[in-house]
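Asker: structure of the sequence below:
(2 chains)
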Amino acid sequence: MLRFVIYRAISAIPVLIVVSLVCFLLMWIVPGDVASEIAGADATPQQIVQIRANLGLDRPLFERAVDWYWNLLHGDLGRSYLLNRNVTDAVMERLPVTLSLAGLALALAIALGILLGVLAAVNHNRFLDQAAMTLALLGLSMPDFWFGLMLIVLFAVQLGWLPTGGFVSPSEDLIGWARSMTLPALTLAFTQMGVIARMTRSSMLDALGQDYVRTAKAKGLSAGQIVFVHALRNALIPIVTVTGVMTGVLIGGAVVVETVYSLPGSGRLIVGAIQRRDYPIIQGGLLLTATIFVFVNIVVDVLYGLLDPRVRHGR
Amino acid sequence: MDADALPSATSVRLRQAGRFMLRLLEHRSFLIGSVLFFAIVACAGLADVLASDDPNRNDYAAILAGPSAEHRFGADAFGRDILSRVLYGARASLRIGVFVVLGTGVAGVFIGTVAAYVPALDGLFMRTMDGLMAFPGVLLAIALSSALGPSEFNVILALTVAFMPRTARIVRASVLVVKELPFVESAVAIGAGHARIILRYILANSLSPLIVQLTFVFAVTVLAEAILSYIGVGPPPPAPSLGNIIAEGRNYIREAPWIAFFPGVVIAATVLGLNLMGDGLRDVIDPRLRKLREAG
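Answerer: As a prediction, this is how the structure comes out:
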């Protein structure tokens, strides 16, 4: 098992090298002069020269790359122009909101997805199956931010049950926090649960056709025991894998949904930076989210190895 | 020597294609999906006829007006007709989708095939793809198109880069399988060149998973265009796209929710249609899954 974990960690290194290279090159693909873009229309030539020097744009690309990697190894992602502070600190400070939103949404999506998937598999080819799968597919087909806007119209503007946006820290007011996170988490969960629902349905159908399910039936176990204890437990492995793949989409989705509900997460930071051309923040934000995603996938793979010994011995 | 063999081979292909189409049309979700999708394509194509108004004309009497006989879907803050904007916007969104599918297809086939066929390049190409796949796709596209600057071409470029890695990986996997099949060996034996082997034998036989994948790429592109527009790095206004109509409607979500509502419904219907088509294609193309379904 330890060997498998080490193998998996080492295989992440080339991935992280490509990730950091892409983030580095992001600045290089900006057409024209980044410095004058950042400085704005009414900047003096000296200001532009100053910005160019600060960003290291006056030096050759290779030298800048060496610098980028050297700083990266020291956890330094550069300085934000607008905030006038460290990119790493700025993003890290905002990350908990994004991750808690993604985590809440993931939990909700897993619960709803498994429920729908089991419901569909148990009622295979009947009305409930079709209804559950249509709902799952409908969720996957809607733009998440648009669904969020519609939920705001319904629950916040029309009914007035929940706030239209804004964030309450859980350390100040737990109920206020729950109220501020309900709609964002629902938005994200509803547009993502389809992946899990569909996977649950197909792997449940697979499991329900196995011999051990027939044996369980023959033993006279109740339908509930057969479905939840025997079939679902065996159907869980592919669901774990799908969950790993989903985290990337969830983090990306959380970034967008945050802006809809004005939650002060890293997504809103990045989007704000895009609108004001604060490239170091965009670079750093992108790098950190991708790195988190890479580590989540390592964890998922290790979990997968724990659940299914065939995986770790296959390597 | 091919000249004599060709007609009969073609007729066999045609018959196979006919049988394939029939099976597809019998597949209910494919049928529903394609009706939905092609209805939207038709509406977008006929925008010149169906639109009641120029999508950029300002009707100052109708600023933020709700749906009425004159403006079926209402009007926006500039008094522009939402129905007309949605029709032309759908056209732009579908156009972006088509180009991203083409770009992803070409780049994915090239990278995937080279990686599978040239062992020396496999590691480099595939590790690069893995690295690109480590980014949440939408986030990478947002960053790329913000760096490149807002234009329809840059949106297409950014989305192609974001969606191409998975396609390349799928192509590589199926080329690796097909490459080892006996008919490729026999093609090598009769002295066919590399280009011919790759195009006529390997690629022609690894197309099915690619087609399924590209259907989903189209669906995700329509969603992603909307997200890019919402963030402010999509196709630039005033020319409508489904995404930038919603983005403009966001500020009036309280007093005029219809601005954002209708284009979102069209996006959802388009993506739902494409997803249903993709599901159907996958079922019909992959007989293993079909058998499972029938057995179940």
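Asker: in which helix or strand does residue 128 reside?
Answerer: Defaulting to chain A. helix A:127-141 (DSSP states H and E).
Asker: wrong one, I was asking about chain B
Answerer: helix B:119-133.
Asker: gap between the residue of the stretch 201-315 of chain A found nearest chain B and B:I231?
Answerer: At 3.1 Å from chain B, A:G252 is the closest residue in the stretch 201-315 of chain A, using C-beta to the nearest C-beta. Bear in mind the C-beta positions are built from the backbone N, C-alpha and C, glycine included. A:G252 is 11 Å from B:I231, where distance means C-beta to C-beta, to the nearest Å.
Asker: now residue 138: closest residue in space that isn't a chain neighbour?
Answerer: Picking chain A for this. Excluding the flanking residues, the one nearest A:L138 by C-beta to C-beta, 6 or more residues apart in numbering or on different chains is B:L272, at 6.5 Å.
Asker: hm, I was asking about chain B
Answerer: The nearest residue in space to B:V138 (C-beta to C-beta, 6+ apart) is A:G252, at 4.3 Å.
Asker: pLDDT wise, what is the one you found at?
Answerer: Looking at A:G252, its pLDDT stands at 83.
Asker: need the residues of the stretch 201-315 of chain A near chain B, please.
Answerer: Residues of the stretch 201-315 of chain A found near chain B (C-beta under 8 Å from any C-beta of the partner chain) are A:205-206, A:209, A:248-249, A:251-253, A:255-256, A:259, A:270-271, A:274-275, A:279, A:282-283, A:286, A:289-290, A:293-294.
Asker: can I have the buried ones of those as a PyMOL selection?
Answerer: Burial among those is assessed by 16 or more other C-beta atoms under 10 Å in any protein chain shown; the matching PyMOL selection reads:
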select buried, chain A and resi 205+206+248+249+251+252+253+255+256+259+270+271+274+279+282+283+286+289+290+293+294
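Asker: which element is the closest residue in space to A:P264 that isn't next to it in sequence on?
Answerer: Once flanking residues are discounted, A:P264 sits nearest to A:F167: 5.4 Å by C-beta to C-beta, 6+ apart. Using DSSP H and E, A:F167 falls within no helix or strand.
Asker: got a list of what whichever residue of the stretch 101-250 of chain B sits closest to chain A touches?
Answerer: Nearest residue of the stretch 101-250 of chain B to chain A (C-beta to the nearest C-beta) works out as B:G131 at 2.2 Å. Neighbouring residues of B:G131 by C-beta atoms under 8 Å, 6 or more residues apart in numbering or on different chains: A:14-19, A:21-22.
Asker: what two of the residues you listed are the furthest from one another?
Answerer: A:P14 and A:V22 (12.8 Å; C-beta to C-beta).
Asker: these two: which is more packed in?
Answerer: It is A:V22, of A:P14 and A:V22, that has more neighbours when counted by other C-beta atoms under 10 Å in any protein chain shown, with 23 against 16.
Asker: might one say that that one is in contact with B:F135?
Answerer: Yes. Here A:V22 reaches B:F135: they are 7.3 Å apart, a contact under C-beta atoms under 8 Å.
Asker: re the thing from before, kindly provide the distance from the residue nearest to A:L138 to A:G252.
Answerer: According to C-beta to C-beta, B:L272 and A:G252 sit 21 Å apart.
Asker: and B:I142, which of the three is it?
Answerer: Under DSSP: H, G, I helix; E, B strand; the rest coil, B:I142 falls in the helix class.
Asker: that one - nearest residue in space that isn't next to it in sequence?
Answerer: B:I231 (5.6 Å).
Asker: need the contact list for the one you found.
Answerer: Counting by C-beta under 8 Å, 6+ apart, B:I231 has contacts A:256, A:259, A:271, A:274, B:142, B:146.
Asker: please redo it, this time with the cut-off set to 10 Å
Answerer: Residues near B:I231 by C-beta atoms under 10 Å, 6 or more residues apart in numbering or on different chains: A:145, A:255-256, A:259, A:267, A:270-271, A:274-275, B:138, B:141-142, B:145-146, B:243, B:247.
Asker: and A:D278, by the same measure?
Answerer: A:D278 neighbours (C-beta under 10 Å, 6+ apart): A:38, A:79-83, A:87, A:90, A:269-270, A:272, A:284-285.
Asker: now the buried members of those residues.
Answerer: A:38, A:79-81, A:83, A:87, A:90, A:269-270, A:284-285.
Asker: near chain A, which residues of the stretch 1-150 of chain B?
Answerer: Residues of the stretch 1-150 of chain B found near chain A (C-beta under 10 Å from any C-beta of the partner chain) are B:28-29, B:33, B:123-124, B:126-149.
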